[in-house]
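Asker: just the structure for this:
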Amino acid sequence: VAVFDADRRAPLEAHRKPLAGFIGTLKIGRGGPVCTAFCLAPDVIATASHCLFGTSVTSGPQLNHLEFSTAADPASSSRLAGSAIGLESHNIVSGTRRLNIAPPIDAANDWALARLDQPVCRSGGLALHQAKSSGAAPEDGELYQVAMHRDLPDTELRADGPCPIVKDMPGGRADLVARDFTGLDSIIFHRCDTGPGSSGSPMLVAGARGWEVAGINIGTYVLTHSVVEARAGEPENRSTAIANTAIAAAHFAAAFDTFKARDLITTAA
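Answerer: Okay, the predicted model is just below:
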């Protein structure tokens, strides 16, 4: 997570207030928030895969303890479908369940769709944006983000945008990005300001159907470089946040179409 220059995260303005009915938080029971998630249907949410399953080096939360509620109605929460009988993982489709975070990072697969036990998304679902071209990134001035941030009050969503799109890496080192990521054409590099807990939040554009989901925010791209300290004369590794990262909606749109149209078989009959 990274904030670039001045922190621009601000409470929702009046014309964005309805987004609180579509965007909310994943929490562990009565505990604190884990990640942001958003509604794609009354009983289907989207988030980052690592919010549910962890990564190749960290474990995820216990799925049967997770609950989702929208920011508009935090008192009405729902566990994941199947939690009561230990089958919550059968109600999730994701790009990966073991995110590799060592280069080459499979960040393009860090997405997940989960069915809820109760249809608490009373406003329905946000539409997935259909990009005008095959490129993953919207143009500058088009992209917004709305999320929960754990370093800010979790009862209030914050928005940032329009956010700069990062298309040129420092020093023109496109080779570094190609080395560090797989599925580059599905990744949006952006500079919306993010805080802890914003993983899984929607990247939004204004479309024909109102606010539409252009992608899912997942993390930060950091470059590590060696700096020689003047006094000690010894190298020290320092990290620089280059951009935040998101997965383009086109990468998981087909999976959502299949997921919402299928019913899980739960009984022998």
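Asker: what is the burial count for Gly210?
Answerer: When neighbours are defined as other CB atoms under 10 Å, Gly210 has 11 of them. To be clear about C-beta, it is placed using only N, CA and C from the backbone, and glycine gets the same treatment.
Asker: quick one: the nearest residue to it once chain neighbours are set aside and Gly29, what's the gap?
Answerer: Nearest non-adjacent residue to Gly210, counting by CB to CB, 6 or more residues apart in numbering: Ala127, 7.5 Å away. As judged by CB to CB, to the nearest Å, Ala127 and Gly29 stand 31 Å apart.
Asker: for Gly183, same thing?
Answerer: Taking CB to CB, one finds Gly183 at 34 Å from Gly29.
Asker: between those two, point out the one with more neighbours.
Answerer: Applying other CB under 10 Å to Gly183 and Gly29 shows that Gly183 carries more neighbours, namely 18 against 13.
Asker: now the more buried one. Nearest residue, chain neighbours left out?
Answerer: Nearest non-adjacent residue to Gly183, counting by CB to CB, 6+ apart: Ala108, 2.9 Å away.
Asker: report the separation between that neighbour and Ala246.
Answerer: Ala108 is 10 Å from Ala246, by CB to CB.
Asker: what about Asp257, which SS state?
Answerer: Three-state call for Asp257 (DSSP: H, G, I helix; E, B strand; the rest coil): helix.
Asker: thinking again about what came up before, contacting residues for the residue nearest to Gly183?
Answerer: Residues near Ala108 by CB atoms under 8 Å, 6 or more residues apart in numbering: Gly95, Phe181, Thr182, Gly183, Leu184, Ser186, Ile187, Ile247, His251.
Asker: do His251 as well
Answerer: His251 sits next to Gly95, Ala108, Trp111, Ala136, Gly183, Ser186 when contact means CB under 8 Å, 6+ apart.
Asker: same thing with Asn244?
Answerer: Neighbouring residues of Asn244 by CB under 8 Å, 6+ apart: Val1, Ala2, Phe189, His190, Arg191, Cys192, Thr194, Asn217, Gly219, Thr220, Tyr221.
Asker: please report phi then psi for the residue nearest the centre of the chain.
Answerer: Geometric centre of the chain, nearest residue: Gly200, 2.3 Å, by CA atoms, centre = their mean. Phi and psi for Gly200, reported as degrees, to the nearest 10, are phi 90, psi 0.
Asker: for it, which residues are in contact?
Answerer: Applying CB under 8 Å, 6+ apart to Gly200 gives the contacts Leu26, Cys35, Thr36, Ala37, Phe38, Ala46, Thr47, Ala48, Cys51, Ile216, Asn217, Ile218.
Asker: now the strands for the stretch 101-250 of the chain?
Answerer: Under the criterion DSSP state E, counting those that start in this stretch, the stretch 101-250 of the chain carries strands at the ranges 112-115, 127-128, 144-147, 158-160, 187-190, 202-207, 210-228, 235-248.
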